[in-house]
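Asker: Show me the folded form of this:
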Amino acid sequence: MSSFRDPGSELTGSVTDTTTTSASTSGAGLRTGAAVDAHLGPDAGGLSRRSFLATAALASAVPAGTAAAPAAARGQGRPQGPAEPDFGPNVRVFDPATPVAEIQAALDAAAQQQVVGEFGTGRFAFLFKPGTYDVDAQLGYYTSVAGLGLSPDDVTINGAVRVEGRPQPGGGDSALTNFWRSAENLAVAPTGGANRWAVSQAAPLRRVHIRGQLHLSPRQGGFASGGYIADSVVDGEVVNASQQQWLTRNSAVGGWSNGVWNQVFCGVTGAPEQSFPQPSYTTLPTTPVSREKPFLYVDATGGYRVFLPALRHGTKGATWSAGHTPGSSIPIEQFFVARPTDSVRTINKALAQGKHLLLTPGIYRLTGTVKVKWAGTVVLGLGFATLVPVTGAVAMRVENVRGVRIAGLLFDAAEAESRALLEIGGGRGRRSDPQDPASVQDVFFRVGGAGPGRTGTALVVGSDDVLIDHVWAWRADHGSGVGWTVNTAEHGIVVNGDNVLATGLFVEHFQRENVLWNGEHGRTVMFQGELPYDPPHQAAYRRPDGDGYPAYKVAEQVRQHEAWGLGCYCFFTVDPEIRVRSGFEAPVADGVRLYDLLTVSLNGAGVIEHVVNDHGGAAEGTATVPVTVVRYPVLIAG
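Answerer: Prediction:
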């Protein structure tokens, strides 16, 4: 890495510019020159660097005056100077010259449609160029609001970027089903001094600056079941109120009001002290390893780029609070900007030619597998771009290569069963680099709800050194196509790779273990897992060695594993007499350590007999009170 001023972004500091190419191959549509050295190892996913460069050399050998290079080439055929990319009809880009009334009308129209569109087909992204905007952005389902600055403070919303509780038939409000929405890379100066973000799963706040308080629950005191904040600063207090569980990572807060069941802080300035179970705060002083999510921005020339934050170790606070975020940037010309009408073949052709992939909002009905083969590939979704493997294929597979970043996607199982929805590596010869890991960030999985869906496992991680940073895998408990034999799925996440770190695992309702961890040296910071609601009877939810399945299982052969802030919940609505032996299972080994665990029986619908293995009492009865274990294997019961 070198220190220089990036003419495209006016960014100073330690930054790598990935646009460097050899002059003879700049139109070949391939990563060349310095970019090859940055992104490829000696063997990238079965495609050797030698064969890759040979292809580039062949493309560059076309003499002047002969046929042009392929249209898919990065930068080929584009006019001089930055051009506004065509992100399709579901993306609106605003600048300070856009009339406020026009912006507000667009936001209001989307909210009116999406607030009640839990399983609808609408997908929206609203992007704000640097400047100040006086608007009130209420977010419904499948809606993203993001700034296009290099720093969150480059875009200021005077008003609100908010999510409200939903009115309930018997009165009051609830945020328990406020899923699939996001805000990132902007500042909010909230009207009245407080911004409300009443959400449950799959609704992240990333790279936001709240210049006031932040409220995480509905106005009328209904429950919320979130949630996730990362790389953010909240100047005032975060009012948790009825929010049941939450992970705040690498951020700064002006205070935190209270806990309910499982509030976890990792590398957060201003976080409350460790005190689990009373109050229910699990506080880690730093984050072991982190690399923030890629984000879209506009540089000083008006060109669009994707910024790739750098890997960090043992950190605390936001990446941008003391200056610009360290990292590198890629021009939009190096991306294939996909639409839902693009075929898998078209997408795979672009990826094979070395393009990165940006998926615009919409529903992609895939007839095959999206194949990510090159090291360093970025796959970034906007507006909850949704991948549906309609033929039963694996929706996306990443080869055993380093540095791949998958972010901002929703995988939705189809009626034809897939063995998995997303696979990250696997098999023999796992190639990885702890200094350039693959990452999965703000990636969500759904089985049922929008219609019948089936999969074996939502996410399978076979590579080593993978970062899983905020995922929600959900086997639907309501909506369309829901039932024990209708939306079938054994596991939410299976981890086979070693040295995998998960920050923010939300995994619910799968028919066996929600999470099955087979790899060594795994670590998890914050887990929330509900057991399935719908086993028809105990016989359908029993294994040879006992009743039910744990929400989180570390396989018996594992010798090294650590996890902090783990919650397991049961709510067996079809047969409330169902029992589960334990919420968590782990081998008895010196290197296996679990901290701050809890189990809860919601309204007494079912019993979890122990917290972890045979430790901890039974979660049962209508009081809905957590049963806790502070440390395993050294038992300190709460």
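Asker: quick one: the strands in the stretch 301-450 of the chain?
Answerer: Counting by DSSP state E, counting those that start in this stretch, the stretch 301-450 of the chain has strands at residues 304-309, 312-315, 327-331, 335-338, 356-359, 363-366, 370-372, 378-389, 396-398, 405-412, 418-424, 439-447.
Asker: Can you list the buried residues in stretch 524-532?
Answerer: For stretch 524-532, a neighbour-count test (16 or more other CB atoms under 10 Å) marks 524-532 as buried. Any C-beta I mention is one placed from the backbone N, CA and C, and that applies to glycine too.
Asker: Sheet-wise, list the partners of the strand or helix carrying residue 288 with their directions.
Answerer: Residue 288 is part of strand 287-290 when elements are defined by DSSP states H and E. The strands that strand 287-290 pairs with in its sheet are strand 312-315 (antiparallel) (by DSSP bridges).
Asker: for the partner strand, which positions count as buried?
Answerer: For strand 312-315, using 16+ other CB under 10 Å, the buried residues are 312, 315.
Asker: Next: stretch 295-305.
Answerer: Those would be 295-299, 303-305, for stretch 295-305 by 16+ other CB under 10 Å.
Asker: worst-scoring helix or strand of this structure, pLDDT-wise?
Answerer: strand 2-3 (a mean of 30; mean pLDDT, DSSP states H and E).
Asker: any idea where the helices of this structure begin and end?
Answerer: 34-39, 49-60, 100-114, 344-352 (DSSP state H).
Asker: how far does the last one sit from the chain's center?
Answerer: Per CA atoms, centre = their mean, to the nearest Å, the displacement of helix 344-352 from the mean C-alpha position of its chain is 23 Å.
Asker: and what of stretch 490-510?
Answerer: The answer for stretch 490-510 is 12 Å, by CA atoms, centre = their mean.
Asker: Between its first and last residues, how far does it reach?
Answerer: Chord length of stretch 490-510, first to last residue, is 6 Å (CA to CA, to the nearest Å).
Asker: What's the mean pLDDT across that stretch?
Answerer: Here stretch 490-510 scores 98 as its mean pLDDT.
Asker: Now for the nearest residue to residue 355 once chain neighbours are set aside: which residues touch it?
Answerer: Leaving out its chain neighbours, the residue that sits closest to residue 355 by CB to CB, 6 or more residues apart in numbering is residue 336, at 4.2 Å. The neighbourhood of residue 336, defined by CB atoms under 8 Å, 6 or more residues apart in numbering, consists of 72, 347, 350-351, 355-358.
Asker: at 7 Å instead, please
Answerer: 347, 350, 355, 357 (CB atoms under 7 Å, 6 or more residues apart in numbering).
Asker: Is it correct that the first one is in contact with residue 338?
Answerer: Yep, that's residue 347 we're talking about. Yes. With contact defined as CB atoms under 7 Å, residue 347 and residue 338 form a contacting pair (5.7 Å).
Asker: Give the residues shared as contacts by these two.
Answerer: With contacts defined as CB under 7 Å, 6+ apart, the residues shared by residue 347 and residue 338 are residue 357.
Asker: wait, what's in contact with the closest residue to residue 573 other than its chain neighbours?
Answerer: Leaving out its chain neighbours, the residue that sits closest to residue 573 by CB to CB, 6+ apart is residue 533, at 4.7 Å. Residues near residue 533 by CB under 7 Å, 6+ apart: 477, 509, 571-574.
Asker: Make a ChimeraX selection of the buried ones in these.
Answerer: In ChimeraX, this line selects whichever of the contacts of residue 533 come out buried by 16+ other CB under 10 Å:
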select :477,509,571,572
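Asker: And the furthest pair within the contacts of residue 533?
Answerer: 509 and 574 (12.2 Å; CB to CB).
Asker: if I look at the residue nearest to residue 381 when sequence neighbours are not counted, how far off is residue 378?
Answerer: Excluding the flanking residues, the one nearest residue 381 by CB to CB, 6+ apart is residue 408, at 3.7 Å. From residue 408 across to residue 378, the span is 11 Å (CB to CB, to the nearest Å).
Asker: hmm, back to that, show me which pair in the buried residues of stretch 524-532 is furthest apart.
Answerer: 525 and 532 (24.6 Å).
Asker: Name the residues of stretch 595-604 that are buried.
Answerer: 595-602, 604.
Asker: Which residues are in contact with the most centrally placed residue in the chain?
Answerer: The centroid of the chain falls nearest to residue 442 when counting by CA atoms, centre = their mean (1.3 Å). Residues in contact with residue 442, defined by CB under 7 Å, 6+ apart, are 182, 204, 293, 407-408, 470.
Asker: Looking at the buried residues of stretch 295-305, point me to the pair that's furthest apart.
Answerer: The widest separation within these (CB to CB) is 14.9 Å, between 295 and 303.
Asker: on that earlier part again, looking at the buried residues of stretch 295-305, which is nearest residue 560?
Answerer: Using CB to CB, the buried residues of stretch 295-305 come closest to residue 560 at residue 295, 33.5 Å.
Asker: in the sheet, who's paired with that closest one?
Answerer: Where residue 295 sits in a bridge, its partners, by DSSP bridges, are residue 307.
Asker: pLDDT wise, what is it at?
Answerer: 98.
Asker: swap in residue 545?
Answerer: 86.
Asker: what's the neighbour count on it?
Answerer: Number of residues near residue 545 (other CB atoms under 10 Å) recorded here: 6.
Asker: next one: the one 3 residues further on
Answerer: Counted with other CB under 10 Å, the burial measure for residue 548 works out to 25 neighbours.
Asker: I'd guessed it sits against residue 581; true?
Answerer: Yes. If you go by CB under 7 Å, residue 548 and residue 581 touch, sitting 6.0 Å apart.
Asker: which residues does residue 134 contact?
Answerer: Neighbours of residue 134 in contact, by CB under 7 Å, 6+ apart: 100, 158-159.
Asker: scratch that, residue 361 is what I was asking about
Answerer: 90-91, 123-125, 382-385.
Asker: Starting from residue 625, give me the distance back to residue 466.
Answerer: Counting by CB to CB, the gap from residue 466 to residue 625 is 36 Å.
Asker: Look at those two and report which has more neighbours.
Answerer: Set residue 466 next to residue 625 and count neighbours by other CB under 10 Å: residue 466 wins out with 27 against 13.
Asker: State whether the more buried one and residue 437 are indeed in contact, as I suppose.
Answerer: Yes. Shown here, residue 466 and residue 437 form a contact pair, counting by CB under 7 Å, at 5.8 Å.
Asker: my read: residue 560 touches residue 591, true?
Answerer: Yes. Between residue 560 and residue 591 a contact is recorded at 3.8 Å, counting by CB under 7 Å.
Asker: Neighbour count for these two, which is higher?
Answerer: residue 560 (17 against 12).
Asker: show me the contacts for that one.
Answerer: 520-521, 591.
Asker: ok, so of those residues, who is nearest residue 228?
Answerer: residue 521 (24.0 Å).
Asker: Can you name the residues that contact that closest one?
Answerer: Residue 521 neighbours (CB under 7 Å, 6+ apart): 498-499, 560.
Asker: just residue 135 next, same as before
Answerer: 100, 103-104, 107, 157, 159.
Asker: Before I go, just wanted to say thanks for your time.
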